[in-house]
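Colleague: dropping the sequence and predicted coords here.
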Amino acid sequence: MKKGGGGVDQETGRGMRMALAVCVILNGTAQTVRAIADLIRALRGYG
C-alpha cells in the first residue's frame, strides 16, 4: 500500500473491508475472522 492519494486509499480500504465482510458471511470461519481482524488493525495503522 502506497502512502499519499488519501482519497484513493480510503476507497480501496472500504472495498477491501466490504469484500472481507462478505467472506466472513459466506465462510463464517474463525480463520477468516482472525485474518479480517489483522487486516483492520493494519488498515488502522495506515490511517
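Modeller: Sure thing, it's come through. Numbering: from 1, shown residues only.
Colleague: spit out the contact partners of the residue nearest the centre of the chain.
Modeller: Nearest to the mean C-alpha position of the chain, counting by C-alpha atoms, centre = their mean, stands Arg17 at 3.8 Å. Arg17 makes contact with 39-40, 43, according to C-beta atoms under 8 Å, 6 or more residues apart in numbering. In this view, the C-beta of every residue, glycine as well, is placed from N, C-alpha and C.
Colleague: neighbour-wise, give me the winner out of those.
Modeller: Leu43 (18 neighbours; other C-beta atoms under 10 Å).
Colleague: pLDDT of the helix or strand where Gln10 lies, averaged?
Modeller: Using DSSP states H and E, the secondary-structure element containing Gln10 is helix 6-27. This predicted structure assigns helix 6-27 an average pLDDT of 76.
Colleague: helix or strand right after that helix?
Modeller: In the C-terminal direction, the helix or strand that comes right after helix 6-27 (DSSP H and E) is helix 30-46.
Colleague: by contact count, what packs against that next one?
Modeller: With contacts defined as 3 or more C-beta pairs under 8 Å, 6 or more residues apart in numbering; DSSP states H and E, helix 30-46 has these neighbours: helix 6-27.
Colleague: from the chain's centre, how far out does the helix it packs on sit?
Modeller: Computed by C-alpha atoms, centre = their mean, to the nearest Å, the separation of helix 6-27 from the middle of its chain amounts to 5 Å.
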